[in-house]
Every structure is written in structure tokens, then in C-alpha cells.
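**Q** sequence unavailable; structure follows:
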């Protein structure tokens with residue numbers, strides 16, 4: 001994020017006009033994406049390999065990770081919310 005954009009937002013006053021430039025859209029997208037990683041998303045899918053080992057799938061990056069009940073995906077950093085295993089969907093390796 002650029003300092004120019006941050007300064008532009010910090011100097012806003014209630015009721016003042018705010019014009020969004022095309023270059024600001026990229027900055028806004030970065031802010032929204034950085035906040036989304038902090039909102040916990042439920043882990044709802046596991047992949048079951050031929051050896052009958054099941055691994056959870058990250059709801060953001062869709063990559064498996066080894067540990068159950070970790071707070072964040074070790075690949076993309078998404079905050080995770082663990083739900084009952086009765087509610088998850090199991091995907092078998094040969095179905096992918």
C-alpha cells in the first residue's frame with residue numbers, strides 16, 4: 001500500500017468529498033484482501049487419499065495441510081474455523 005493513499009484517507013473529514021482514482025482501486029483491493037484473511041473461514045472439505053488418510057483442504061487456497069485444528073493455513077495464511085466432522089464433505093482422491 002502506498003503512503004499517498006493512506007495519507008489521502010487519513011485526512012478525510014466527515015462530509016468531505018472523496019474521489020477514487022483508478023490507481024486507488026488496486027489499493028482498495030489490497031486492503032479488502034488483507035482483511036479477508038483475518039476472517040475465519042470454515043474448513044468444510046477433506047480429501048481422502050488411497051491410503052485412507054484424510055487431510056483438510058484450505059477454504060481459501062484449496063491446498064491440503066497436514067495439521068488438524070491449526071489456527072491458520074500454513075500456505076496462504078487464511079484464518080481457519082473448525083467445524084464438526086459430521087458436517088464436512090469428504091472427497092475421495094479418485095473423484096477429483
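**A** Looks like it came in fine. Note that the structure is a prediction, hence the values are computed from the model and not measured.
**Q** pLDDT at the closest residue to residue 91 other than its chain neighbours, what is it?
**A** Once flanking residues are discounted, residue 91 sits nearest to residue 47: 5.0 Å by C-beta to C-beta, 6 or more residues apart in numbering. Every C-beta, even on glycine, is put in place using the N, C-alpha and C of the backbone. Looking at residue 47, its pLDDT stands at 94.
**Q** list the contacts for residue 47?
**A** By C-beta atoms under 8 Å, 6 or more residues apart in numbering, the contact set of residue 47 is 54, 55, 57, 64, 90, 91, 92, 93, 96.
**Q** let's go with 6 Å and repeat that
**A** Shown in contact with residue 47 (C-beta atoms under 6 Å, 6 or more residues apart in numbering): 55, 57, 64, 91.
**Q** do the same with residue 63
**A** residue 75.
**Q** tell me which stretches of this protein form strands.
**A** 41-43, 45-48, 54-56, 80-82, 89-92 (DSSP state E).
**Q** of those, which is nearest residue 26?
**A** strand 41-43 (23.8 Å; C-beta to C-beta).
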